[in-house]
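Trainee: turn this into a model:
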Amino acid sequence: MQDTKSYHYIVVGAGSAGAIVAARLSEDADCSVLLLEYGGSDASVFIRMPSALGIPMNTTKYNWGFESAPEPFLNNRAMNCPRGKVMGGTSSINGMVYVRGNAMDYDEWESVGAEGWNYQNCLPYFKKLETHHCRTSEYTGTDGPVAISGGNNMANPLYRAFIDAGVEAGYTETEDYNGYRQEGFGQKFMNVDAGVRASTSHAYLRSARRRANLTVLKRALVTGITFEGKTATGIKCRIKGRTKTFAATREVILCAGAIGSPQLLQVSGVGPKTVLNKAGIEMVHELPGVGENLQDHLEFNFQYNCKQPISLNGSLGLFSKALIGLRWLLFKTGLGRSNHFESCAFIRSRAGVKWPDIQYHFLPGAVTYDGSVAFKGHGFQVHVGHNKPTSRGHVHALSGDIKQHPEILFNYLQTEHDRQGFRDCVHLTREIMRQPAMDAFRGEVIQPSPEVQTDEEIDAFVRDSVDSAYHPAGTCKIGADNMAVVDKDLRVHGIANLRVIDSSVFPTVPNGNLNAPTMMLAERGADLIKGCDIKPSSRADSYTDQQWQERQKEGTPLRLV
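Mentor: As a prediction, this is how the structure comes out:
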């Protein structure tokens with residue numbers, strides 16, 4: 001038996017983008033919006049408490065559990081690719097790091113075909129979504145739904161030591177990496193609201209769900225898009241074992257992410273002919289770029305023993321964790337209110353690079369994402385990754401069954417450019433961590449071993465040790481070329497009444513974490529659907545390649561930019 005009900009808009013996925021799109025569209029009381037999410041509630045204390053971030057990320061209840069195919073340039077390792085399966089999506093299981101990316105990321109988007117997606121047009125939407133509690137400037141928002149905070153504001157002296165080490169190594173200190181200048185060492189910000197994870201569910205849907213014109217259905221597995229010819233008319237889904245069909249009189253909007261959106265398009269018959277034929281899927285519309293152009297960031301950890309008993313490793317016992325949790329439950333204060341990534345850096349891998357392509361997250365503890373440790377005593381670590389990869393992969397449906405995970409292949413470190421980027425990460429990080437500011441804290445190296453020196457040794461270490469930073473993007477890119485999937489207004493090429501609004505539309509992966517760019521995209525995407533678009537009131541300057549070149553002509557040292 002099939003049930004059919006009609007809405008003006010159907011939004012698939014209540015994650016970093018979908019929650020925003022549904023909330024903004026439902027601001028118009030004259031339209032009806034249906035928001036569908038396969039996961040359940042995000043009310044768990046482990047989701048809400050920032051320091052517990054490793055738990056939901058590693059829990060099948062909240063994570064789709066995607067895994068890559070054996071990666072040919074990483075010793076055939078199958079890489080973990082967690083995606084949120086809960087209200088708030090990946091914003092409910094991620095590290096809560098708030099990084100917009102570099103201003104030139106968005107100018108790069110426009111240069112490769114994403115007309116209108118330059119930095120000046122994107123900046124108003126970053127400001128629209130945020131309320132910044134640490135900085136006030138022409139670059140920050142003051143009354144948006146998403147709170148931006150500093151955790152415990154670098155109370156641990158290790159955070160400051162890392163910044164000072166960067167300055168001693170010849171780099172600059174930046175006041176706000178999301179503002180005028182990304183490049184440099186400084187405080188890191190997080191989307192945490194008064195000690196609680198500020199997911200898009202928390203920030204947007206808590207109030208929006210009270211609206212009579214917004215219907216939110218949880219545990220709804222969308223199995224396909226319905227079409228009449230080349231027009232999207234609705235979706236099919238499974239709820240409590242029943243097949244239901246919902247009609248969209250205006251638009252279907254896919255916000256299922258860089259893995260989910262291309263798979264849903266493909267199982268619905270929209271995608272590359274060869275992929276659909278191999279999976280036995282009847283074609284509705286041939287679109288060769290669906291699922292191609294997959295990109296991601298990689299990272300690994302430099303870990304050190306700490307000479308002083310001040311690291312987080314002293315708070316990992318069951319009794320200490322219980323006290324941290326109790327304090328958080330009662331007061332939303334203490335170690336429980338932070339993701340513990342409170343200082344960071346963005347630097348260039350070498351001369352001639354247009355904008356910083358290496359990112360650091362500093363953690364005053366030596367642990368894994370699930371909180372386990374491989375040694376006794378105190379330690380600290382710095383996460384480092386090369387952020388402008390040129391390797392590309394794909395997402396290919398293997399059948400018409402949405403429940404069968406697609407083939408995901410990133411082709412990590414496929415190019416010499418990317419391999420050299422990680423060699424640079426090793427050499428530059430060692431130099432930074434040798435600075436006098438770290439002397440009072442830096443003990444013996446845990447990894448990588450000081451004996452790892454040659455290119456071949458570094459490459460081998462990276463292949464064995466590197467992990468995904470969990471930033472998949474690019475599989476339904478914006479553009480006008482034959483591999484583009486959506487146009488500048490995020491409408492699927494060749495299909496009426498169908499858009500994609502999530503990180504899959506990024507033509508290139510931004511220089512940083514992806515939650516903030518995805519939220520920005522959703523804010524602007526909702527306005528594009530409404531037929532409006534905020535225009536910048538004035539041009540906001542940013543530290544650009546032109547200024548970089550000017551300082552080089554003046555003889556300013558490379559590190560001081």
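
Trainee: pretty sure Ser315 sits against Ala322.
Mentor: No - counting by CB atoms under 8 Å, Ser315 sits too far from Ala322 to count as a contact (10.7 Å). Glycine gets a C-beta too; all of them are placed from N, C-alpha and C.

Trainee: okay, these two: which has more neighbours?
Mentor: Summary of the neighbour comparison: Ser315 and Ala322, criterion other CB atoms under 10 Å, with Ser315 having more neighbours (15 against 10).

Trainee: how about the helices in the stretch 151-300 of the chain?
Mentor: Assigned by DSSP state H, counting those that start in this stretch, the helices in the stretch 151-300 of the chain fall at 157-168, 200, 206-208, 257-267, 273-279.

Trainee: likewise for the stretch 451-561 of the chain?
Mentor: With DSSP H, counting those that start in this stretch as the criterion, the stretch 451-561 of the chain has helices at 455-465, 515-530, 545-553.

Trainee: pLDDT on the shortest one, on average?
Mentor: When you say that, I think you mean helix 545-553. Within the predicted structure, the mean pLDDT of helix 545-553 is 60.

Trainee: equivalent analysis for the first one, please.
Mentor: Confidence over helix 455-465 (mean pLDDT, whole number) is 98.

Trainee: run through who's touching that helix.
Mentor: With CB atoms under 8 Å, 6 or more residues apart in numbering as the test, helix 455-465 has contacts from 73-75, 77, 300-301, 413, 419, 422-423, 426, 447-449, 451-452.

Trainee: looking at those, which are in strands?
Mentor: With strands taken from DSSP state E, the overlap with these comprises Phe300, Asn301, Gln447.

Trainee: chain neighbours aside, what residue packs nearest to Ala516?
Mentor: Arg100 (4.9 Å; CB to CB, 6 or more residues apart in numbering).

Trainee: sorry, back to before: can you say which of the helices of the stretch 451-561 of the chain is nearest to Ile47?
Mentor: Minimum separation from Ile47 across those (CB to CB) falls at helix 515-530, 14.4 Å.

Trainee: how about the closest one: buried residues?
Mentor: Along helix 515-530, the positions that meet the burial threshold by neighbour count (16 or more other CB atoms under 10 Å) are 515-529.

Trainee: show me what that helix is packed up against.
Mentor: On a contact count with 3 or more CB pairs under 8 Å, 6 or more residues apart in numbering; DSSP states H and E, helix 515-530 meets helix 18-25, helix 119-129.

Trainee: okay, the angle between that helix and helix 18-25?
Mentor: Taking axes from the mean of the first three to the mean of the last three CA atoms, to 10 degrees, helix 515-530 and helix 18-25 form an angle of 30 degrees between their directions.

Trainee: of all the contacts of helix 455-465, which comes closest to Gly479?
Mentor: Comparing these against Gly479 with CB to CB places Leu413 closest, at 25.4 Å.

Trainee: can you give me the neighbour number for that closest one?
Mentor: Using other CB under 10 Å as the criterion, Leu413 is surrounded by 23 other residues.

Trainee: and what of Gly39?
Mentor: Gly39 has 23 neighbours, counted by other CB under 10 Å.

Trainee: what residues are up against the residue lying closest to Glu407 once chain neighbours are set aside?
Mentor: Once flanking residues are discounted, Glu407 sits nearest to His396: 4.5 Å by CB to CB, 6+ apart. His396 makes contacts with Gln266, Val275, Lys278, Ala279, Gly291, Pro406, Glu407, as judged by CB under 8 Å, 6+ apart.

Trainee: next one: the second one from Asn387, what distance?
Mentor: According to CB to CB, to the nearest Å, Val275 stands 29 Å off from Asn387.

Trainee: so between these two, which is more surrounded?
Mentor: Set side by side, Val275 and Asn387 show unequal neighbour counts under other CB under 10 Å, the larger going to Asn387 at 26 against 22.

Trainee: how many neighbours does the spatially closest residue to Pro436 that is not a sequence neighbour have?
Mentor: In this structure, Pro436 finds its nearest non-sequential neighbour in Glu168, 6.1 Å apart by CB to CB, 6+ apart. Other residues near Glu168 number 14, with proximity taken as other CB under 10 Å.
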